[in-house]
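>>> Here's a sequence, model it:
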Amino acid sequence: MSATAIPFHPHLRREARAEGVFRALTMLSAALVLFLLAGVLIALCYGGWPALKTFKFAFLTREVWNPVTQQFGALAALYGTVVTSLFAMLIAVPLAFGIAIFMTETCPVWLRGPIATCIELLAAVPSIVFGIWGLFVLAPVLQHSVQPWLIDAFGDLPLIGKLFRGPPFGIGLMTAGVVLAVMVLPFITSVMREVFLATPRSLKEAAYGLGATQWEVIWDVVLPNSRAGVIGGIMLGLGRALGETMAVTFVVGNAHRISASLLAPGTTISASIANEFTEAVGDLYTSSLIALGLLLFVLTFAIIAAARLLLLQIERRGARI
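Purely as a prediction, here's the structure:
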């Protein structure tokens, strides 16, 4: 048998060229993200190298931050960043979980739209507005009502008492954590709501048919089916909390010191950079601030990488089951 040549129609050639251009553009777009990320990392490393070369590992372990004597350490800013972010997640995650469950499982249909709209509007509020609200509204309330009660109720207890000792300043790590919790709440809630809605209705109906209660359906069906998305939403909120600048700058107190008390003023990496970068005099001072930015970059990247590894582990367990 002789093979006959199949004519290649001109419009097929055009489609093939268009497909090639499309593939090249998508690959270029993906590569551009990597180039930008690498460029940011290289710029931070280059700018922060003088400080890292001068102070070496002590830059991460020293609390001192004295522009007059040109002595800089990132430990206080790193401590404040981690504490405020974790405190914010401690408040925001249970609230977001409760709101998402209410909206997907128990909320009347006519009320879901208005609540979802309010959550989206909360996410659209500029961070500086949250900072002003935290300084002029939240801080006085905490100073005159909440913090004195916390000091009287928990200040004398062993272990946790250290977290609630000292004068009630109003501004400090606790206030910054509460403001961050309000800011990240809509992001975590939106992600949780979407992944809860993605749970197949047949699975929930089967559980109800077997006599499960609503809480059992939520805990044993909805949550296991959407745990990867829930973790992703939490990591999204944590990333936002770690990098927030203006709102935290208003209420954290901007003090380069480490205190066990949540009531004491402190600082964060982003707040330190925002406060001092325009006033930095000298190459070493500027380099130290850029090194703080590099530290925040590495910290955020490490958290995202840990979240990805956790999600992969969850997916593998799900595949085995």
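>>> ranges for the strands of this structure?
Per DSSP state E, the chain carries strands over the ranges 65-66, 71-72.
>>> Please identify the buried residues of stretch 125-140?
S127, F130, G131, W133, G134, L135, L138, A139 (16 or more other CB atoms under 10 Å). Using the backbone N, CA and C atoms, a C-beta is placed for each residue, glycine as well.
>>> what's the answer for stretch 209-226, then?
A212, V217, I218, V221, V222, L223, N225, S226.
>>> Can you name the residues in contact with it?
Applying CB atoms under 8 Å, 6 or more residues apart in numbering, the contact partners of stretch 209-226 are 101, 104-106, 192, 195-196, 198-200, 203-204, 207-208, 230.
>>> gap between the two ends of it?
21 Å (CA to CA, to the nearest Å).
>>> since we're on Q71, how many residues are nearby?
Counted with other CB atoms under 10 Å, residues neighbouring Q71 total 15.
>>> So it sits against E63, correct?
No: with contacts defined as CB atoms under 8 Å, Q71 does not count as touching E63, sitting 10.4 Å away.
>>> List just the nearest of the buried residues of stretch 125-140 to L292.
Of all the buried residues of stretch 125-140, L292 sits closest to S127, with 18.9 Å by CB to CB.
>>> For the closest one, give its distance to V146.
23 Å (CB to CB, to the nearest Å).
>>> Listing request: residues of the chain with sub-threshold pLDDT.
Applying pLDDT under 70 to the chain picks out residues 1-11, 315, 317-321.
>>> which helices and strands does the longest helix belonging to it pack with?
In the chain, assigned by DSSP state H, the helix with the most residues is helix 10-55. Judged by 3 or more CB pairs under 8 Å, 6 or more residues apart in numbering; DSSP states H and E, the packing partners of helix 10-55 are helix 283-320.
>>> and P200, how many neighbours does it have?
P200 is flanked by 10 other residues according to other CB under 10 Å.
>>> where does it fall, phi/psi-wise?
When quoted as degrees, to the nearest 10, the phi and psi of P200 stand at phi -60, psi 130.
>>> Could you find the closest non-adjacent residue to it?
N225 (7.5 Å; CB to CB, 6 or more residues apart in numbering).
>>> mind checking how far the one you found is from A207?
Distance, N225 to A207, using CB to CB: 11 Å.
>>> JSON lines please, covering the buried residues of stretch 209-226 and showing distance to M183.
Shown next, in JSON lines, are the buried residues of stretch 209-226 (distance: CB to CB, whole Å):
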{"residue": "A212", "distance to M183": "36"}
{"residue": "V217", "distance to M183": "31"}
{"residue": "I218", "distance to M183": "26"}
{"residue": "V221", "distance to M183": "31"}
{"residue": "V222", "distance to M183": "26"}
{"residue": "L223", "distance to M183": "25"}
{"residue": "N225", "distance to M183": "28"}
{"residue": "S226", "distance to M183": "23"}
